[in-house]
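Novice: Return a 3D structure for these sequence lines:
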Amino acid sequence: MEHIALIATVGSFVGFVVLVELAAAVLPLVIILAFVPPHERAALADLVAATGNNRRLRAGQALGLAVDARRAQRATRARDALASR
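Specialist: This next block holds a predicted model:
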């Protein structure tokens with residue numbers, strides 16, 4: 001009886017780890033599809049590619065890159081607005 005309980009415990013743990021890994025792989029895609037406008041998805045893909053080849057996104061570095069990209073985009077818009085006056 002103890003042998004079956006041990007097998008069930010190990011099997012449950014393995015199943016839990018598999019589910020967590022699947023969620024970690026699918027959740028970023030779901031977030032992108034649900035919350036990122038279609039015209040910004042290409043820029044986000046470039047941003048994720050620039051953060052490295054790690055399987056998981058390094059949030060601090062990605063956030064810094066996103067802030068820098070947004071600032072550059074705003075600066076370009078401001079220059080274009082001043083140039084068109």
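Novice: make it CA atoms for all contacts and neighbour counts henceforth
Specialist: Noted.
Novice: Centroid-nearest residue for this structure?
Specialist: P28 (4.5 Å; C-alpha atoms, centre = their mean).
Novice: so after the helix or strand hosting it, what's the next helix or strand?
Specialist: Using DSSP states H and E, P28 maps to helix 2-35. The helix or strand immediately downstream of helix 2-35 is helix 41-50, counting by DSSP H and E.
Novice: and the helix holding P28, what does it pack onto?
Specialist: Packing partners of helix 2-35 (3 or more C-alpha pairs under 8 Å, 6 or more residues apart in numbering; DSSP states H and E): none among the helices and strands.
Novice: Tell me what angle that helix forms with helix 41-50.
Specialist: 130 degrees (axes from the mean of the first three to the mean of the last three C-alpha atoms, to 10 degrees).
Novice: Check the offset of helix 2-35 from the chain's centre.
Specialist: 18 Å (C-alpha atoms, centre = their mean, to the nearest Å).
Novice: Stretch 33-45 now?
Specialist: Counting by C-alpha atoms, centre = their mean, stretch 33-45 is centred 11 Å from the centre of its parent chain.
Novice: Export only the CA atoms of that stretch, formatted as CSV.
Specialist: Extracted in CSV, the C-alpha atoms of stretch 33-45 (Å, rounded to 0.1, in the frame of the first residue of the first chain):
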residue,chain,number,x,y,z
LEU,A,33,-2.4,37.9,-28.0
ALA,A,34,-4.9,39.3,-25.5
PHE,A,35,-3.3,42.6,-24.5
VAL,A,36,-0.8,43.8,-27.1
PRO,A,37,-2.3,45.7,-30.1
PRO,A,38,-1.6,44.0,-33.4
HIS,A,39,0.5,46.9,-34.7
GLU,A,40,2.9,46.7,-31.7
ARG,A,41,3.4,42.9,-31.8
ALA,A,42,6.4,43.1,-34.2
ALA,A,43,8.2,45.6,-31.9
LEU,A,44,7.5,43.3,-28.9
ALA,A,45,8.9,40.3,-30.8
